[in-house]
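Enquirer: Show me how the following folds:
(chains A, B, C and D)
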There are 2 protein chains.
Amino acid sequence: MNISDVANRTGLPPKTIRYYEEIGLVTPARAANGYRTFRDTDTHKLAFLGRARALGFSIEECRDLLALWEDQSRASGDVRAIAKEHLAGIEAKISALSAMRDTLSDLVDACAGDHRPDCPILKGLEGS
Amino acid sequence: MNISDVANRTGLPPKTIRYYEEIGLVTPARAANGYRTFRDTDTHKLAFLGRARALGFSIEECRDLLALWEDQSRASGDVRAIAKEHLAGIEAKISALSAMRDTLSDLVDACAGDHRPDCPILKGLEGS
DNA sequence: CCTTGACCTTCCAGTCACTGGAACCCCTAT
DNA sequence: ATAGGGGTTCCAGTGACTGGAAGGTCAAGG
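Expert: This next block holds a predicted model:
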């Protein structure tokens, strides 16, 4: 399989797949003409990466997860630890964003949004 | 005022303040020795930027807000439009993160997390 | 056989908003 | 004279790609 076939199957853009090779997440074989040739295991790995990235795991977390995935003797506790830590990170981000949303939403509600120059949003950003 | 005084007052690191000058958000005067000298208006602007950034506005949004802030004849509707758009972006991020959290939390819950190799989290990432 | 167009390759640069570090200048106190 | 704690510039790196240029390869149609 060439790169665009894999791109279609995994949903990852070709550029991203090349990048993943560059940083050592996959190591596809090469045909005589220099084209990358992907085996099923490569495609499988890339699909795994796509899903993990979609869940917000960082590249380094993905690297760890991939290693555990390939390690037949891994303990599920190791995976769970990574996932739990990541989950905590996501929850922290949600809290931070929710706080932002509340503040901003208050400001927007307080603003008439007409053509007059008086603006509570700017006032809110101005004073402490 | 020198840069570290302003850093203390605004909570922004000196590096960030220099960066903001570099990209044209502030233009402090210079003393004879080459040191930046900040007037109250500069400090005020930087404090405004700090708050806007803390609310997640991008640098370009901040640039726009700053221009509106300085424009005495601005209409509050312009500001409100920027804020509302930004608010929509924040809400989209919150939704995406919440979906991630739910999926991941289900996977974590399904995982015993012991020393056995069987792991529902990896299984979840593996199959579609 | 030649061309066209869709592939593929590499490499370089840019994104965003800083951040770290090196190398050097300046000012005050001891 | 020196020590320290400011300040300055410039360069490089972050994360995870993404865009684009320049060029090689392949299959189909004329």
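
Enquirer: which helices and strands sit right next to the longest helix seen in chain A?
Expert: Criterion DSSP state H: the longest helix present in chain A is helix A:76-110. Judged by 3 or more C-beta pairs under 8 Å, 6 or more residues apart in numbering or on different chains; DSSP states H and E, the packing partners of helix A:76-110 are helix A:59-70, helix A:120-126, helix B:76-110, helix B:120-126. For every residue, glycine as well, the C-beta is placed using N, CA and C.

Enquirer: got the domain boundaries for chain A?
Expert: Annotated domains of chain A cover A:1-57, A:75-128 [automatic domain parsing].

Enquirer: show me where pLDDT drops low in chain A?
Expert: A:128 (pLDDT under 70).

Enquirer: need the contact list for the closest residue to residue A:36 other than its chain neighbours.
Expert: Leaving aside its chain neighbours, residue A:36 sits nearest to residue A:28 (4.4 Å; criterion: C-beta to C-beta, 6 or more residues apart in numbering or on different chains). Residue A:28 is in contact with A:21, A:36, A:37, A:38, A:39, A:42, counting by C-beta atoms under 8 Å, 6 or more residues apart in numbering or on different chains.

Enquirer: Same check on residue A:79?
Expert: Counting by C-beta under 8 Å, 6+ apart, residue A:79 touches A:65, A:68, B:111, B:119, B:121, B:122.

Enquirer: And for residue A:115, the neighbour number?
Expert: Neighbour count of residue A:115, defined by other C-beta atoms under 10 Å in any protein chain shown: 11.

Enquirer: Please, which helix or strand holds it?
Expert: Assigned by DSSP states H and E, residue A:115 belongs to no helix or strand.

Enquirer: rewinding a little: redo the contacts of residue A:28 as CSV? Include secondary structure and neighbour count.
Expert: What follows is the contacts of residue A:28, written out as CSV (DSSP: H, G, I helix; E, B strand; the rest coil; neighbours: other C-beta atoms under 10 Å in any protein chain shown):
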residue, secondary structure, neighbour count
A:21, helix, 17
A:36, strand, 19
A:37, strand, 15
A:38, coil, 24
A:39, coil, 11
A:42, helix, 21
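
Enquirer: and the two most separated of the residues you listed?
Expert: Pairwise distances across these peak at 13.3 Å for A:21 and A:39 (criterion: C-beta to C-beta).

Enquirer: Columns distance to DNA strand D on top of the helices and strands packed on helix A:76-110, output as JSON lines?
Expert: As requested, these are arranged in JSON lines below (distance: least, C-beta to the nearest atom of the strand, whole Å):
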{"stretch": "helix A:59-70", "distance to DNA strand D": "3"}
{"stretch": "helix A:120-126", "distance to DNA strand D": "24"}
{"stretch": "helix B:76-110", "distance to DNA strand D": "14"}
{"stretch": "helix B:120-126", "distance to DNA strand D": "15"}
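
Enquirer: Let's see stretch A:92-105 as PDB, backbone CA atoms only.
Expert: Output of stretch A:92-105 as PDB, limited to C-alpha atoms (Å, rounded to 0.1, in the frame of the first residue of the first chain):
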ATOM      1  CA  ALA A  92      -8.200  20.500  34.300                       C
ATOM      2  CA  LYS A  93      -8.500  22.000  30.800                       C
ATOM      3  CA  ILE A  94     -12.200  21.700  30.900                       C
ATOM      4  CA  SER A  95     -12.300  23.500  34.200                       C
ATOM      5  CA  ALA A  96     -10.100  26.300  33.000                       C
ATOM      6  CA  LEU A  97     -12.100  26.700  29.800                       C
ATOM      7  CA  SER A  98     -15.400  26.700  31.800                       C
ATOM      8  CA  ALA A  99     -14.100  29.500  34.000                       C
ATOM      9  CA  MET A 100     -13.100  31.500  30.900                       C
ATOM     10  CA  ARG A 101     -16.500  30.800  29.400                       C
ATOM     11  CA  ASP A 102     -18.300  32.000  32.500                       C
ATOM     12  CA  THR A 103     -16.300  35.200  32.800                       C
ATOM     13  CA  LEU A 104     -16.600  36.000  29.100                       C
ATOM     14  CA  SER A 105     -20.200  35.100  28.900                       C
END
